[in-house]
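Q: Give me coordinates for this.
(chains A and B)
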Amino acid sequence: MMRLPPFQYLAPVSVADAVKLMGDHGPEAMLVAGGTDLYPNMKRRQFEPTVLVGLRGVKDLAGVRRSSDGGLTIGAGTTLTTVSRDPSVRARYAGLATAAGAVSTPQLRNMGTLGGNVCVDTRCNYYNQSYQWRKAVNFCMKKDGEICLVAPGSPRCWAVSSSDTAPVLWSLGASVRLAGPAGQRAIPISTLYQDDGIQYLTKQSGEIVTEIILPPAEGVRSVYLKLRRRGSFDFPVLGVAAALSMEGDVVRQARIVLGAVASLPREAVEAARLLVGERLSPELIDRAAAAAYRPAKPLDNTDLPHPYRKKMTRVFVARALRRLAGLPEVAEA
Amino acid sequence: MHKIPSLLEYKSPTTLETPEIHTILVESDDPEGPFGAKEAGQGPLLPVIPAVANAVYDAVGVRIDETPISPEKVVKAMESKRQGKSPRLGPERLPVFTFPEPKIVESAFGQPAESIAQRPFAS
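A: Just a heads-up that it's a prediction; the model follows:
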């Protein structure tokens, strides 16, 4: 890996200052919080900012607190370790605690933040490579090149959304608060993403994710399952987040969101619709899992073969729902 | 195209993926090695792969006759078994190969071939 190139590091102490600095430096500047993804990407020249606006000095960005509506507000600068260990997150948003605790390694979770994981760059076998490697294949369209090396005829980039927390937050109906030159706004996290490997976020580059807002979790059960080569640390090659709002043992509301199967988290709407108003039986779970795996269209651009990842989508959705239903994870043979 | 050009993509097992390992030291005096040294690389490699293949068979009842024994191969073999076909995956027969006559080489000490059966400075 190459060394970090020279850059200017700016350390604002308030969100307003950070927004102003981003505005002053325009497209030359990038935001950095934990830096666990950004610095390695700079070493490989996937990112080439000349100015970094560091958010570590902005005290307001860290912390977990109860919202007035009974939900939870998590500062974007809260570390993944804190999120995964927070008692109210663990008690009421179990899927989020699991996902935050499944990102990378303990050291990187101590540095990496929830906001950083929500905004983490999309990944691809042809993009997450050293500068020399990418140069040898004449680069891809995500950085420095013209064509997509996964699908050479394609007009778009197919890099994969690789956040663990994004699908869970989407399944929980979370919103994100953004601060930008035009002031603040809160949007559902499902509208933060779009299906493009390059422009995967809908926010402006000068906008800062300041908070993640979770709605009240009365009667909500949530779970996150992650497929990867190693259990210890790897980016997800499939993530399954499921959140069910229960009334007794009847499903009142359901959301199933798949991670790492597209350039954005992919909601399995049809599968969730099958569950609403029903009791969770093994047969219903199998039907929902069959419906959930249809929208998953992984391409051959991450670890593990893509037909296997598609096949496992069905298995993982069934496992996730069985866990929420309190059934044994694997059906008796 | 080489998609695993560095140790970042090469997913070596961490302590969490590695089983507990008991080490038994066997003192040896190998007449072929310099100063009696014994190779230590291939010895542990040979029994481990069959042991893993046997463990997979013991767990799910299918045999993977090649490396890597990857998850998708196990799934494929299990599906094949469920359909009443072969529960094995891998090469179906050994390649036809005739081993050449062994070649006598001189030892690491430059001793002639006849003297290497005995350690040169053994008492």
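
Q: Okay, buried residues for the helix or strand of chain B with the lowest mean pLDDT please.
A: Least confident element among the helices and strands of chain B, by mean pLDDT, DSSP states H and E: helix B:42-60 (a mean of 91). Taking 16 or more other C-beta atoms under 10 Å in any protein chain shown as the basis for neighbour counts, the residues of helix B:42-60 that come out buried are B:A53, B:V56. Bear in mind the C-beta positions are built from the backbone N, C-alpha and C, glycine included.

Q: Can you list the helices and strands that it packs against?
A: Here helix B:42-60 is seen to pack against strand B:63-64, helix B:71-82 when contacts are counted using 3 or more C-beta pairs under 8 Å, 6 or more residues apart in numbering or on different chains; DSSP states H and E.

Q: chain center to the strand or helix carrying A:A318, what's the gap?
A: Element membership of A:A318 [criterion: DSSP states H and E] is helix A:306-325. Going by C-alpha atoms, centre = their mean, to the nearest Å, the spacing between the C-alpha centre of helix A:306-325 and its chain's C-alpha centre is 18 Å.

Q: From the recorded domain assignment, give the ranges for chain A.
A: The record assigns chain A these domain ranges, following automatic domain parsing: A:1-60, A:62-119+A:160-325.

Q: how far is the first one from where the chain is centred?
A: This points to domain A:1-60. Shown here is domain A:1-60, whose average C-alpha point lies 20 Å from the average C-alpha point of the whole chain (C-alpha atoms, centre = their mean).

Q: and the closest residue to A:L108 other than its chain neighbours, how many residues sit next to it?
A: On the basis of C-beta to C-beta, 6 or more residues apart in numbering or on different chains, the spatially nearest residue to A:L108 that is not a chain neighbour turns out to be A:T36, at 4.6 Å. Neighbouring residues of A:T36 were enumerated by other C-beta atoms under 10 Å in any protein chain shown; the total is 22.

Q: any chance of the domains of chain A in CSV, plus distance to B:A40?
A: Formatted as CSV, the entries for the domains of chain A read as follows, by distance: least, C-beta to C-beta, whole Å:
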stretch, distance to B:A40
domain A:1-60, 30
domain A:62-119+A:160-325, 25
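
Q: which parts of chain B sit against chain A?
A: Neighbours of chain A within chain B, by C-beta under 8 Å from any C-beta of the partner chain: B:1, B:3, B:5-6, B:8-9, B:11, B:13-17, B:71-72, B:75.

Q: In helices, which of these appear?
A: In this view, the residues of chain B next to chain A that belong to helices under DSSP state H are B:P71, B:E72, B:V75.

Q: Who are the contact partners of the last one?
A: Under the criterion of C-beta atoms under 8 Å, 6 or more residues apart in numbering or on different chains, the contact list for B:V75 reads A:Y308, A:K311.

Q: sorry, back to before: the least confident helix or strand of chain B vs helix B:71-82, what angle?
A: Angle of helix B:42-60 versus helix B:71-82, following axes from the mean of the first three to the mean of the last three C-alpha atoms, to 10 degrees, is 50 degrees.

Q: Identify all contacting residues around helix B:42-60.
A: Against helix B:42-60 from outside (C-beta under 8 Å, 6+ apart): B:V62, B:R63, B:I64, B:D65, B:T67, B:I69, B:V74, B:M78.

Q: rewinding a little: how about the residues of chain B next to chain A, which pair is most distant?
A: B:M1 and B:T15 (31.5 Å; C-beta to C-beta).

Q: Low-confidence regions, chain B specifically.
A: Residues of chain B that meet the criterion pLDDT under 70 lie in B:105-123.

Q: sorry, back to before: what's the closest of the helices and strands packed on helix B:42-60 to A:I147?
A: Relative to A:I147, the nearest member of the helices and strands packed on helix B:42-60 by C-beta to C-beta is helix B:71-82, separated by 28.2 Å.

Q: buried sites along the closest one?
A: Residues of helix B:71-82 classed as buried under the neighbour-count rule (16+ other C-beta under 10 Å) are B:K73, B:V74, B:V75, B:K76, B:A77, B:K81.

Q: Need the max-distance pair from those residues.
A: Among those, the pair separated by the greatest distance (C-beta to C-beta) is B:K73 and B:K81, at 12.5 Å.

Q: how many neighbours does whichever residue of the stretch 151-300 of chain A sits closest to chain B have?
A: Nearest to chain B in the stretch 151-300 of chain A, going by C-beta to the nearest C-beta, is A:S232, at a distance of 3.9 Å. Applying the criterion other C-beta under 10 Å, we find 16 residues in the vicinity of A:S232.

Q: Could you say which helix or strand holds it?
A: Under the assignment given by DSSP H and E, A:S232 is not contained in any helix or strand.

Q: Find the nearest non-adjacent residue to it, please.
A: Closest residue in space to A:S232, ignoring its immediate chain neighbours: B:L16 at 3.9 Å, by C-beta to C-beta, 6+ apart.

Q: now A:K142: how far from A:S162?
A: Distance of A:K142 to A:S162, given as C-beta to C-beta, to the nearest Å: 13 Å.

Q: so where do the strands sit in chain A?
A: When secondary structure is read from DSSP state E, chain A shows strands at A:8-10, A:29-32, A:51-54, A:64-66, A:72-75, A:175-180, A:183-188, A:208-214, A:220-227, A:238-247, A:250-259, A:266-267.
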